[in-house]
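Chemist: got a structure for you, letters missing:
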């Protein structure tokens, strides 16, 4: 190969080297920035209400009743189903997040959206709901109010004696 | 000049007529023409454009990594900073406002300037000096435009760097620090 | 041979053809279709005059302005996810971007400095076109679009200036609003214009949402359309201006 | 040349994005949290306790919508509600009298000032650019007690109480009006003097630091020296008396504290 040919060959391989790393830098940066944009979309702080919150005092809920607490979307069940104490059940239908209504006459919750029906244990007796309504863990706070943890699910027999 | 003759790819005889007989497989569609002054957009133009984009983004990224965008105290209608300045690109306007009735400095002059700018090509119709930086044939136009640029930039510089509390003139090194 | 079959499988189907509108470019017809069907080569011609790529001629100023516009659009859309144009939230959202959101501050910095840069480069681009006589026939109209684009850039920058709702923003916009109110006759035209811009008589919630809508929807849309026309005219007016050829 | 430039730019791109990612990931507060977890691990006695400590970095915040505050102070000051940290250095130290001022109700900045949303040391303490309310230092924290505690004597705030007493004793009430306290009309009204902005004061004759607190303090020590021509007499106050009065003046703010946050009210 002539000297000129060698030089040209070198030039071409140099160019290939530059192009490869140039594109590598550019594309890897694009990937990084895409990942950064995804990361950006997940906030590090939330301004949502706490999942641990206080509702009323036990005395606010009469014996043998089911009371709807609209702000936190739950029912306070006192008495009923052979229990003495207070139990808290979610009022968010497990099907499509509608709010089932308490029908005292039939002792069951009926969801208006797609007709799911939940019995006193929270179990689905009819309709499309895939899971029973969850019961929330509750404790008595120092000021005498009920402290509910809506992330902590308990069995239907979990109750607070009053 | 002898080169030019070589570039005649297909010398024609004046005694004959020619017709297109056949399309042949070649790499170029340049029939009957010598080398022109054009280059392919890809890669020559596009690659340079990509490079320019990378350059712009690199510069912007470096600035953004080094300096945080300004954010002062929360807006407070009862607490006017002294001096209160418009964004820098409007400081020329604010400077003019401080001399005249706001309408003349702030609305009339800028509107007239914008209209004149749009109409420039219809006044300056000579075809000389196109595509040449500071063409000598365009001395007057360039001079007028330079006056406009100097005024526009100069007013901004005055507003940004020489105006202090109560819109008084200060030298940059004497500028009282805002509280 | 095997490789070709794989390519054939990938390219010789209706989906590929519906996207690319031509066969795999392994013959001249397909290759020419690649050229004619390419969006970039639609905006810019397949071959350009040498003068176009002379760095010293354009200095790339127009393209820099366009790139900044693109960067501003992207960062701006991302910032919109966290920014809420309300008096209670706007300033706090700025603080959150700085202190609590991943990559929040770098996006804000890119947006802010990019906006300043765009104002400067659009102006410099105009200077370049003037000093090279680039506005002359047949490019008169495109020059006019350019001037309008400069004005839109200024207003884009101005409307964005209010959004952080800090002292700098508030008082700058207060001054500008007063300025608009002085269009004579003040009591009829000026007062109404200022009312139109602020949505009231003070720089408050109504002004903030108006500036926001102008900043994120109206002005960018107008700018994008005009930029499209601007580019189209460059090609239709015969590419970039250049000296007459001997 | 073009290709060489492309190579350089490509690498610069990668480096810059690397820096951005690094800068974003390496936040000041993470170091403080990690240190806290390490200390917690050292203090843990049972294996169960040790297992429960997770080195998870996250921004913590206390939301107090009533007071329009979001305080992220506990992101670094993680020991404030942990009784085990009573003897630690001041970054992690347990906060005293938590039962009286639970910060899930009050937040931090309502008393301490500073910038609640900030997560860097300088900015959070109100010492970095454009924040009107730097953190109160040392005894000046008593200024904040005065916002809710209106009685003559405030327990734990001796200087504030002393200042209030001095205001009555030194005859200040004769010239100055404080809504609900005095009705003088010779000197300027002082009802909201603590809410005045820093730039509303003239610091040309102030010898020390150019802060509102220091302006008021020096003015008490020698009114004529700070405001020539004022008719306010020099009361020959001691340093302590001047400081007590300054603290009282600063506690007179426009800030509206909701009913259930004020002292002596149950809620």
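Modeler: Sure thing, it's come through. Because the structure is a prediction, the values reported are computed rather than measured. Numbering: from 1, shown residues only, chains lettered A, B, ... in the order given.
Chemist: Domain-wise, how is the chain divided?
Modeler: No chain in the question, so chain A it is. According to automatic domain parsing, chain A comprises the domains A:1-47, A:52-154.
Chemist: nope, chain D please
Modeler: What automatic domain parsing lists as the domains of chain D is D:22-124, D:146-259.
Chemist: how about the last one, does it reach chain B?
Modeler: When you say that, I think you mean domain D:146-259. Yes: Domain D:146-259 lies within reach of chain B by CB under 8 Å from any CB of the partner chain, at D:197-199, D:203, D:210. C-beta here means a position set from N, CA and C on the backbone, and glycine is covered the same way.
Chemist: What segments of chain C are strands?
Modeler: C:47-49 (DSSP state E).
Chemist: Which residues of it lie near chain A?
Modeler: Checking chain C against chain A by CB under 8 Å from any CB, the hits are C:78, C:81-82, C:96, C:100-104, C:107.
Chemist: cool, chain D as well?
Modeler: Residues of chain D lying near chain A (CB under 8 Å from any CB): D:3-4, D:6-7, D:9-14, D:16-18, D:20-21, D:24, D:58-59, D:61, D:63, D:70, D:72.
Chemist: Which members of those occur in strands, if any?
Modeler: Within these, residues falling in strands by DSSP E are D:63, D:70.
Chemist: Just the buried residues of the residues of chain D next to chain A.
Modeler: Among the residues of chain D next to chain A, those scoring as buried are D:3, D:6-7, D:9-14, D:16-17, D:20-21, D:24, D:59, D:61, D:63, D:70, D:72 (criterion: 16 or more other CB atoms under 10 Å in any protein chain shown).
Chemist: Would you mind putting the residues of chain C next to chain A into CSV with neighbour count alongside?
Modeler: Formatted as CSV, those follow (neighbours: other CB atoms under 10 Å in any protein chain shown):
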residue, neighbour count
C:78, 20
C:81, 13
C:82, 19
C:96, 23
C:100, 22
C:101, 25
C:102, 20
C:103, 23
C:104, 23
C:107, 25
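Chemist: the bottom helix or strand of chain D by mean pLDDT?
Modeler: Every helix and strand of chain D was ranked by mean pLDDT, DSSP states H and E. The lowest is strand D:182-183, at a mean of 80.
Chemist: wait, which of the residues of chain C next to chain A is closest to chain B?
Modeler: residue C:107 (8.7 Å; CB to the nearest CB).
Chemist: ok, and the closest non-adjacent residue to that closest one?
Modeler: Leaving aside its sequence neighbours, residue C:107 sits nearest to residue C:75 (CB to CB, 6 or more residues apart in numbering or on different chains; 5.0 Å).
Chemist: Give the full set of residues in contact with the spatially most central residue of chain B.
Modeler: Centrality entry for chain B: nearest residue to the mean C-alpha point is residue B:149, 11.4 Å, by CA atoms, centre = their mean. Counting by CB atoms under 8 Å, 6 or more residues apart in numbering or on different chains, residue B:149 makes contact with residue C:127.
Chemist: host element of it?
Modeler: helix B:139-157 (DSSP states H and E).
Chemist: List the buried residues of that helix.
Modeler: With burial defined by 16+ other CB under 10 Å, the residues of helix B:139-157 counted as buried are B:141-142, B:145, B:149, B:155-156.
Chemist: ok, now stretch D:100-115?
Modeler: Buried residues in stretch D:100-115, counted by 16+ other CB under 10 Å: D:101, D:103, D:106-115.
Chemist: In a markdown table, list those residues along with secondary structure, pLDDT and distance to chain C.
Modeler: Shown next, in a markdown table, are these (DSSP: H, G, I helix; E, B strand; the rest coil; pLDDT from 0 to 100; distance: CB to the nearest CB, whole Å):
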| residue | secondary structure | pLDDT | distance to chain C |
| --- | --- | --- | --- |
| D:101 | coil | 82 | 24 |
| D:103 | helix | 81 | 19 |
| D:106 | helix | 87 | 19 |
| D:107 | coil | 88 | 14 |
| D:108 | coil | 90 | 15 |
| D:109 | helix | 90 | 13 |
| D:110 | helix | 89 | 16 |
| D:111 | helix | 88 | 20 |
| D:112 | helix | 90 | 17 |
| D:113 | coil | 90 | 16 |
| D:114 | coil | 91 | 13 |
| D:115 | coil | 93 | 8 |
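Chemist: Quick check: the most centrally placed residue in chain D vs residue D:194, distance?
Modeler: Centroid check for chain D by CA atoms, centre = their mean gives residue D:113 as the closest residue, at 2.4 Å. The gap separating residue D:113 from residue D:194 is 12 Å, by CB to CB, to the nearest Å.
Chemist: Tell me the bridge partners for the nearest residue to residue C:239 once chain neighbours are set aside.
Modeler: Counting by CB to CB, 6+ apart, residue C:49 is the residue found nearest to residue C:239 once chain neighbours are left out, at 5.7 Å. Judged by DSSP bridges, the bridge partners of residue C:49 are residue B:38.
Chemist: for the closest residue to the residue nearest to the centre of chain D other than its chain neighbours, what are its contacts?
Modeler: Counting by CB to CB, 6+ apart, residue D:133 is the residue found nearest to residue D:113 once chain neighbours are left out, at 4.4 Å. By CB under 8 Å, 6+ apart, the contact list for residue D:133 reads D:109, D:113-115, D:126.
Chemist: 10 Å instead, please
Modeler: Shown in contact with residue D:133 (CB atoms under 10 Å, 6 or more residues apart in numbering or on different chains): B:73, D:109, D:112-116, D:126, D:198.
Chemist: which two of these lie the greatest distance from each other?
Modeler: Pairwise distances across the contacts of residue D:133 peak at 19.5 Å for D:116 and D:198 (criterion: CB to CB).
Chemist: Tell me which of these two has more neighbours.
Modeler: Here residue D:116 and residue D:198 are compared on neighbour count by other CB atoms under 10 Å in any protein chain shown; more neighbours surround residue D:116, at 27 against 15.
Chemist: Check that one and give its pLDDT.
Modeler: Per-residue pLDDT puts residue D:116 at 91.
Chemist: so it, which of the three states?
Modeler: At residue D:116 the chain is in coil, as set by DSSP: H, G, I helix; E, B strand; the rest coil.
Chemist: Point out where the chain drops to low pLDDT.
Modeler: Picked chain A for this. A:1-2 (pLDDT under 70).
Chemist: that's the wrong chain, I wanted chain D
Modeler: D:129, D:263-267.
Chemist: Chain neighbours aside, what residue packs nearest to whichever residue of it sits closest to chain A?
Modeler: Relative to chain A, the nearest point of chain D is residue D:10 (2.9 Å; CB to the nearest CB). The shortest distance from residue D:10 to any non-neighbouring residue, by CB to CB, 6+ apart, is to residue A:25 (2.9 Å).
Chemist: On the secondary structure side, give me the element for the one you found.
Modeler: Assigned by DSSP H and E, residue A:25 falls in helix A:3-40.
Chemist: Name the residue of the stretch 151-267 of chain D that lies nearest to chain B.
Modeler: Here the stretch 151-267 of chain D gets closest to chain B at one residue, residue D:199, 3.8 Å apart by CB to the nearest CB.
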